[in-house]
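Novice: Sequence and predicted model, in that order:
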Amino acid sequence: MVDFKKMADHSKLRKEIEQAINKHSLENGSNTPDFILAEYLTDCLRMFDKAVSKREEWYGRKERE
């Protein structure tokens, strides 16, 4: 299984994504603040990891360490 405790604190990654979004004005297209977009993207990554873990569990495959 994915260690969600390790993933729980994405604050550094989230801040770096927020800064990149701001630097390139990527928030302009949706008129959404960069911090909201950064949170959304890190949440998507966390949920994708969870989905992959569940898929591997479903197929009875061992997860990567």
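Specialist: That came through, no problem. Numbering: from 1, shown residues only.
Novice: The protein: helices as residue ranges?
Specialist: 4-7, 11-23, 34-58 (DSSP state H).
Novice: Please convert these to CSV, extending it with mean pLDDT and mean neighbour count.
Specialist: From N, CA and C alone the C-beta is placed, and that goes for glycine too. CSV is the format used below for these (pLDDT from 0 to 100; neighbours: other CB atoms under 10 Å):
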stretch, mean pLDDT, mean neighbour count
helix 4-7, 56, 10
helix 11-23, 95, 14
helix 34-58, 94, 14
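Novice: What about residue 62, how many residues nearby?
Specialist: Counted by other CB atoms under 10 Å, the residues lying close to residue 62 total 7.
Novice: The nearest residue to it once chain neighbours are set aside and residue 46: what is the separation?
Specialist: Once flanking residues are discounted, residue 62 sits nearest to residue 56: 7.6 Å by CB to CB, 6 or more residues apart in numbering. Separation of residue 56 from residue 46 (CB to CB, to the nearest Å) stands at 16 Å.
Novice: before we move on, what about residue 17?
Specialist: Separation of residue 17 from residue 46 (CB to CB) stands at 13 Å.
Novice: In this structure residue 15 contacts residue 38, no?
Specialist: Yes - contact criterion CB atoms under 8 Å: residue 15 and residue 38 qualify, at 7.4 Å.
Novice: can you pull the contacts of the closest residue to residue 39 other than its chain neighbours?
Specialist: Take residue 39 and drop its neighbours on the chain: the residue closest to it by CB to CB, 6+ apart is residue 14, 6.2 Å away. Residues in contact with residue 14 (CB atoms under 8 Å, 6 or more residues apart in numbering) are 35, 38, 39, 42.
Novice: Could you report the separation of the residue lying closest to residue 18 once chain neighbours are set aside from residue 53?
Specialist: If the residues on either side of it in the chain are set aside, residue 18 comes closest to residue 38, at 3.8 Å by CB to CB, 6+ apart. Distance of residue 38 to residue 53, computed by CB to CB: 23 Å.
Novice: Next: residue 25.
Specialist: Per CB to CB, residue 25 is found 35 Å from residue 53.
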